[in-house]
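# coordinates only, sequence not included:
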């Protein structure tokens, strides 16, 4: 990149982080209820394909987003169903679905690979007045609708989980399901609903990739690995949505630096720079998690291995 | 007979197991057929092409065996880590690390002056490389409690970057870097194989030995019993003053060692150089094999053969039917999910029955 415009760079960071924020938001809802969706990466890829395919057939972006959300919710339904019965199968199903849905997307999406013409595009929508603020306006208020939805969703879900009675019930089910049962809650139903909700957001994330952030479909699409990053942000970050959002910005920043500023790193081949954000990000999160665990003084007992409800 | 006994539901009898296997295959076939038809391809023809593409000739059967070797080796190693409750997702990277370690040894004898000694040293280095790579995930797990799934994933990404760095950097070909990989090994450093079908007898022998080793250790030794006991009741193990951390590290290192050995066979028997796809996704496939075989070592070699057949047969589909070979992943995923569904259904039934 010739020249260096910091506000443009930060604007790209915000735009690139939107799908991951959506995925992390959905995963946070699911994880707070006690269901960790290991199939997030495959769900995002499948949703991206569904969104692109439906949009190319219907010429309607809204229908594409709706179909992708439905696909994400459908995959999460399977995860939720098995999560109710066995902790072991929760991980196994999530893992199996992660790869199966990815391959399913590649298999069914073959006819749509490489299509560029005739697909509706999401255009930028500068927020009136706010978009004119120097620097801040360019960074946050000159994007397409998916960016605004992602930020609004993250804020809304944070309010829901931490400031409402519904969120208290969700957290109760996730932290102590036996006590939740004693209080008259139905943990199976709540977990099911949260898991489907999480899948809905994962579907939106996939649609954001193929219709906005990295428009198009192919093998690979470009969103591969993002689900694992979103999952790591939520799980290793302790379900902290503001931390997950910050982590999404960091990951997007790393991706842009490594792909758009290759001349800053002349000694490192382009192929290595392209994949380096993934291990860098995960190791950063692991380090943060180690620090959190050391401060707490105990091993975090994560819902991945929580016993199933009877 | 007490009603909550699995015997009541016929789960452990031969007929029960055959019934479960048939239900699993039927379920998976139903889903895959729907998917294939949705994609506009004839389902029955697709299955026949996959079978023919895998077992239709000596050459294709040889390709199946070439896939079967690393998948079975990795699956044997994974049984150790699963036995103590660890999900060694990093197995994919451990294959590559084993191949890198073996390649480093081979490069010390690039002229193949001591071919046999180099082969043995490379095999040992590959085991050490895979085990060492797995040790990192295990150590982070036991010291800080960070789930080994994420460290394993991160290690997979890292080794992928390392492979690319080697291919484009210090180990690049003499004519210039190429995505095809590093310099091809001297022919004397290739594993001997049969000309008709490309099968390595040494690979088959080592794999079968690994299966027997795993079966004996996990099923007939105190160590195998302890691994299972520690997974089931870590607090009891702690009360018995058994060092769970050391067993966890040992189990994941054994898993990594087997994967590293698979990397050696990939390098010396198939690829003959370090390529970007040296691990060939066999690590993840081995995870599927273990899940499909329900962690039973007796079923693992056969499950690995089935999955290798699906992989190899589907690779022919773009040529014969213009179908994307990703259908193999869909079939394998459906088989695993069906297996889990059947097991979950039975466990639900057992838990529901009142005494």
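In hand now; what should we look at? Keep in mind that what you see is a predicted model, and the values were worked out from it rather than measured.
# secondary structure element for the residue of the stretch 101-250 of chain A found nearest chain B?
Residue nearest to chain B within the stretch 101-250 of chain A: residue A:103 (2.8 Å; C-beta to the nearest C-beta). Where you see a C-beta, it was placed from the backbone N, CA and C, and this is true even at glycine. When elements are defined using DSSP states H and E, residue A:103 is found to belong to helix A:87-108.
# Just the buried positions in that helix, please.
Counting neighbours by 16 or more other C-beta atoms under 10 Å in any protein chain shown, one finds that the buried residues in helix A:87-108 are A:88-108.
# ok, now stretch A:141-156?
Those buried within stretch A:141-156 under the rule 16+ other C-beta under 10 Å are A:141, A:142, A:143, A:144, A:145, A:146, A:147, A:149, A:150, A:151, A:153, A:154.
# Skipping adjacent residues, who's closest to the residue of the stretch 101-250 of chain A closest to chain B in space?
What sits nearest to residue A:103 in space, not counting adjacent residues and going by C-beta to C-beta, 6 or more residues apart in numbering or on different chains, is residue B:329, at 2.8 Å.
# The helix holding residue A:103: what's the following helix or strand?
Reading on from helix A:87-108 to the C-terminus, the next helix or strand found by DSSP H and E is helix A:136-140.
# which helices and strands does that next one pack with?
Taking 3 or more C-beta pairs under 8 Å, 6 or more residues apart in numbering or on different chains; DSSP states H and E as the contact definition, the neighbouring helices and strands of helix A:136-140 are helix A:6-32.
# Check which helices and strands the helix it packs on is in contact with.
helix A:40-58, helix A:136-140, helix A:145-163, helix A:165-175, helix A:187-208, helix A:226-236, helix A:241-260.
# for the longest one, what is the average pLDDT?
Regarding helix A:187-208, the rounded mean pLDDT is 93.
# what's the angle from that helix to helix A:226-236?
140 degrees (axes from the mean of the first three to the mean of the last three C-alpha atoms, to 10 degrees).
# can you pull the buried residues of helix A:187-208?
Residues A:187-188, A:190-208 are the ones in helix A:187-208 that count as buried (16+ other C-beta under 10 Å).
# can you check the shortest one too?
Within helix A:136-140, the residues scored as buried using 16+ other C-beta under 10 Å are A:137, A:138, A:139, A:140.
# Could you do the last one as well?
Within helix A:241-260, the residues that qualify as buried are A:241, A:243-245, A:247-258, counting by 16+ other C-beta under 10 Å.
# same thing with stretch B:100-118?
B:100, B:101, B:102, B:103, B:104, B:105, B:106, B:107, B:109, B:112, B:115, B:118.
# Let me know the closest of those residues to chain A.
Closest approach between the buried residues of stretch B:100-118 and chain A, by C-beta to the nearest C-beta: residue B:100, at 14.8 Å.
# Could you list every helix and strand that the helix or strand hosting residue B:96 packs against?
Secondary structure from DSSP H and E places residue B:96 in helix B:91-108. Contact partners of helix B:91-108 among helices and strands, from 3+ C-beta pairs under 8 Å, 6+ apart: helix B:58-83, helix B:115-144, helix B:148-168, helix B:244-265, helix B:282-292.
# Would you mind listing what in the stretch 1-150 of chain A touches chain B?
Within the stretch 1-150 of chain A, the positions near chain B by C-beta under 8 Å from any C-beta of the partner chain are A:38, A:78, A:82, A:85-86, A:89, A:91-93, A:95-97, A:99-104, A:106-108, A:110.
# Now do the same for residue B:235: helix, strand or coil?
helix (DSSP: H, G, I helix; E, B strand; the rest coil).
# How many neighbouring residues does it have?
Other residues near residue B:235 come to 9 when the count uses other C-beta atoms under 10 Å in any protein chain shown.
# Please verify my assumption that residue B:194 contacts residue B:203.
No. With contact defined as C-beta atoms under 8 Å, residue B:194 does not reach residue B:203; the gap is 11.1 Å.
# neighbours around residue B:266, how many?
Counted by other C-beta under 10 Å, the residues lying close to residue B:266 total 29.
# Next: residue B:95.
By the measure other C-beta under 10 Å, the count of residues near residue B:95 is 37.
# That one and residue B:147, how far apart?
21 Å (C-beta to C-beta, to the nearest Å).
# With residue B:18 instead?
If you go by C-beta to C-beta, the gap between residue B:18 and residue B:147 works out to 36 Å.
# sorry, back to before: what separation do you get for the residue of the stretch 101-250 of chain A closest to chain B and residue B:32?
Between residue A:103 and residue B:32 the distance is 11 Å, computed by C-beta to C-beta.
# what touches both of these two?
Taking C-beta atoms under 8 Å, 6 or more residues apart in numbering or on different chains as the contact definition, residue A:103 and residue B:32 share the neighbouring residues B:327, B:330.
# so where's the chain uncertain?
Here I'm looking at chain A. Judged by pLDDT under 70, chain A has its weakly predicted residues at A:1-4, A:85-88, A:296-310.
# my bad, the chain I had in mind was chain B
Using pLDDT under 70 as the threshold, the predicted model of chain B has low-confidence ranges B:1-12, B:112, B:350-355.
# Can you tell me the centre-most residue of it?
residue B:286 (2.5 Å; C-alpha atoms, centre = their mean).
# Pipe the buried residues of stretch B:100-118 into JSON lines and attach distance to residue A:230 per row.
Putting the buried residues of stretch B:100-118 into JSON lines (distance: C-beta to C-beta, whole Å) gives the following:
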{"residue": "B:100", "distance to residue A:230": "30"}
{"residue": "B:101", "distance to residue A:230": "33"}
{"residue": "B:102", "distance to residue A:230": "35"}
{"residue": "B:103", "distance to residue A:230": "35"}
{"residue": "B:104", "distance to residue A:230": "36"}
{"residue": "B:105", "distance to residue A:230": "40"}
{"residue": "B:106", "distance to residue A:230": "40"}
{"residue": "B:107", "distance to residue A:230": "40"}
{"residue": "B:109", "distance to residue A:230": "46"}
{"residue": "B:112", "distance to residue A:230": "48"}
{"residue": "B:115", "distance to residue A:230": "49"}
{"residue": "B:118", "distance to residue A:230": "45"}
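# sorry, back to before: if I look at the residue of the stretch 101-250 of chain A closest to chain B, how far off is residue B:311?
Look at residue A:103 and residue B:311: by C-beta to C-beta, they are 11 Å apart.
# Repeat that for residue A:264.
The span separating residue A:264 from residue B:311 equals 41 Å under the rule C-beta to C-beta.
# the more surrounded of these two?
Counting neighbours by other C-beta under 10 Å for residue A:264 and for residue B:311 shows that residue B:311 has the greater number, 26 against 11.
# so that one touches residue B:328, yeah?
Yes. With contact defined as C-beta under 8 Å, residue B:311 reaches residue B:328; the gap is 5.2 Å.
# Show me which residues of the stretch 1-150 of chain B are close to chain A?
Where the stretch 1-150 of chain B comes near chain A, counting by C-beta under 8 Å from any C-beta, the residues are B:35, B:38-39, B:85, B:87, B:89, B:140, B:144-147, B:149-150.
# Skip the chain neighbours and tell me the closest residue to residue A:159.
residue A:167 (8.0 Å).
# Pull the contacting residues for the one you found.
With C-beta under 8 Å, 6+ apart as the criterion, the residues that contact residue A:167 are A:32, A:159, A:160, A:161.
# Farthest-apart pair in those residues, please.
Pairwise distances across these peak at 13.3 Å for A:32 and A:159 (criterion: C-beta to C-beta).
# Compare those two and say which one has the larger neighbour count.
The residue with the greater number of neighbours, taking residue A:32 and residue A:159 and applying other C-beta under 10 Å, is residue A:32; the counts read 25 against 12.
# What about residue 13, how many residues nearby?
Chain wasn't specified; assuming chain A. Here the count is done by other C-beta under 10 Å, and residue A:13 has 20 residues near it.
# Chain B is the one I meant
By other C-beta under 10 Å, the burial measure for residue B:13, its neighbour count, is 12.
# can you check residue B:261 too?
As a burial measure, residue B:261 scores 31 neighbours (other C-beta under 10 Å).
# Please consider this matter closed, and thank you.
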